[in-house]
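Participant: Just a sequence and a predicted model for now, questions to come.
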Amino acid sequence: MSFRVPGALKKLRTTTATTAAKLATTASRATGRGAGGMIGGLIANAIDPSIMTNLGGGRPAVLVTGTNGKSTTTRMLAAAVRAEHTVATNDGGDNMDAGIISALMAGKDASHLVLEVDELHVPHVADNLNPQALVLLNLTRDQLDRVGEINKIERALRGAVEAHPDMLVIANCDDVLMTSVAYDAKNVIWVSAGAGWLGDSVTCPRTGGHVVRTEDDWYAVKPLADGREFRRPQPTWGVDKHGIITPTAKRPLNLALPGRANRGNAAQAIAAAVQGFGVDLDKAIAAAEGIDDVAGRYSTIHWKGREIRLLLAKNPAGWQEALSMVDRSADGLVIATNGQVADGIDMSWLWDVKFEGFNGLSVKAAGERGTDLAVRLVYADISHELIPDPMDALAACPEGRIEVLANYTAFRDLKKALSKEATNA
């Protein structure tokens, strides 16, 4: 015998969960324990397991996922959609269930949802919210101890697309794995957003056959099980160093954020806003161009005669892209690595990153796993100094422009320490 919860009881449970979550969030902020972006959602979900669906309320939603670029793309897309609608979004980067629920509570009156979602959480978030669109950025190796092998994630995402056949998919056709995820989608927009890291896309995820790349194409040598060729689709959107390519014209794109990868992020955000939600193209481009900071990434902090620019990297692909953004003319470079759970405990990825090319810069290796980093720099023939505490490493740099490249918890802790010193100055 099944028991159906009456509608009034469902509403009461959701109201109780929301009230408890707000109290927890307020307490977290008041005691300085955090911004409250997670604790409220955790408590709400524990009280009402159906709260994500209830708070979603059937509102038009777009999910953004991928290994790298989720926060930046979500920030650009939310800004673009906000040009014509009200938006609820998790712009703090809390992209698992608790953070998403907190964003839905905070934006309960918004007309549209723009949500960054961890790759592992996409299937059940999509089931809860039934999104109108899904943005697929890229897939590369990331925290093997938490996420597992990359082909497992590809299969899970492919399953989510299959489970929501009417959902619009905005996919990066330069990424082999994301192309596989979207290859059979009924409604798909292909965007040439670039593929900076190729180490995880040398074989077809569906057949294991080798993938051959040329300058502007790729294909698998082995056909799919049904006989079809697995090949790079023809994009209708794209980006190059001069601007963004739309289905009808090429337009200038002048981003405040640095790097090739961010131009690709912008192209997918703009395409999703325009074709997924009917946002005016000029408004969408202007919104993407207006983003100059993403949760402190790319920000500049002045401290004791030093102009410190902060860059975040979390996996081999992200590190390689971030390293390309480092200003070689700076007066110093601090590289900080931790190995906490949020970073991924396995540090073997250090040997996949090309650190060579920083001769002439004053380099400091720092962080809880600074010794691991220092060993890698020795083999890269990079002259450096090991100073475990990142603040001490900054102090050891000459005055002037200092570049800082750090992984997740090292970035978080250093940003907090610098902000605290600036406040007390």
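Facilitator: That came in fine, so what should we check first?
Participant: need the contact list for the spatially most central residue of the chain.
Facilitator: The residue lying closest to the centre of the chain (C-alpha atoms, centre = their mean) is residue 70, at 2.3 Å. The contact partners of residue 70, by C-beta atoms under 8 Å, 6 or more residues apart in numbering, come to 64, 93, 95, 116, 117, 137. For every residue, glycine as well, the C-beta is placed using N, CA and C.
Participant: how many other residues sit next to residue 78?
Facilitator: Look at residue 78: counted by other C-beta atoms under 10 Å, it has 25 neighbours.
Participant: Return the distance of it relative to residue 107.
Facilitator: Using C-beta to C-beta, to the nearest Å, we find residue 78 at a distance of 10 Å from residue 107.
Participant: Please enumerate the shared neighbours of the two.
Facilitator: Common neighbours of residue 78 and residue 107, counting by C-beta under 8 Å, 6+ apart, are 87, 89.
Participant: Give me the contact list for stretch 241-260.
Facilitator: Applying C-beta under 8 Å, 6+ apart, the contact partners of stretch 241-260 are 72, 192, 194, 196, 236-239, 262-263, 266-267, 270-271, 274, 281, 285, 288-292, 294, 298, 321-322, 324-325.
Participant: Please pick the buried ones from the residues you listed.
Facilitator: By neighbour count, with 16 or more other C-beta atoms under 10 Å, those hold 72, 192, 194, 196, 236-239, 262-263, 266-267, 270-271, 274, 281, 285, 288-289, 291, 294, 298, 321-322, 325 as buried.
Participant: Domain parsing of the protein, as residue ranges.
Facilitator: 48-288, 297-422 (the TED database).
Participant: Can you tell me which of the ones you listed is most buried?
Facilitator: Of all those, domain 48-288 has the most neighbours on average by mean count of other C-beta atoms under 10 Å, namely a mean of 20.
Participant: which stretches of the stretch 251-400 of the chain form strands?
Facilitator: Taking DSSP state E, counting those that start in this stretch as the criterion, the stretch 251-400 of the chain carries its strands at 300-303, 306-312, 332-336, 363-366, 384-386, 400-406.
Participant: What helices and strands are in contact with the third one?
Facilitator: Right, strand 332-336. Strand 332-336 sits against strand 363-366, helix 370-379, helix 390-396, strand 400-406, helix 408-424, with contacts defined as 3 or more C-beta pairs under 8 Å, 6 or more residues apart in numbering; DSSP states H and E.
Participant: Can you list the strands that that strand pairs with?
Facilitator: strand 363-366 (parallel), strand 400-406 (parallel) (DSSP bridges).
Participant: And the fifth one, by the same measure?
Facilitator: According to DSSP bridges, strand 384-386 has the following sheet partners: strand 363-366 (parallel).
Participant: Tell me the secondary structure at residue 74.
Facilitator: What DSSP: H, G, I helix; E, B strand; the rest coil gives for residue 74 is helix.
Participant: Just give the nearest non-adjacent residue to it, would you?
Facilitator: Closest residue to residue 74 apart from its sequence neighbours, by C-beta to C-beta, 6 or more residues apart in numbering: residue 116 at 4.0 Å.
Participant: Please tell me how far residue 380 sits from residue 371.
Facilitator: Note on residue 380: its distance to residue 371, by C-beta to C-beta, is 15 Å.
Participant: go on, residue 292?
Facilitator: On the measure of C-beta to C-beta, residue 292 and residue 371 end up 35 Å apart.
Participant: do residue 297 as well
Facilitator: Counting by C-beta to C-beta - residue 297 and residue 371 are separated by 26 Å.
Participant: now what about the one helix or strand residue 62 maps to, what contacts it?
Facilitator: Using DSSP states H and E, residue 62 sits within strand 61-65. Contact with strand 61-65 is made by 70, 73-74, 77, 81, 112-119, 122, 125-126, 129-137, 157, 272, 276-277, as judged by C-beta under 8 Å, 6+ apart.
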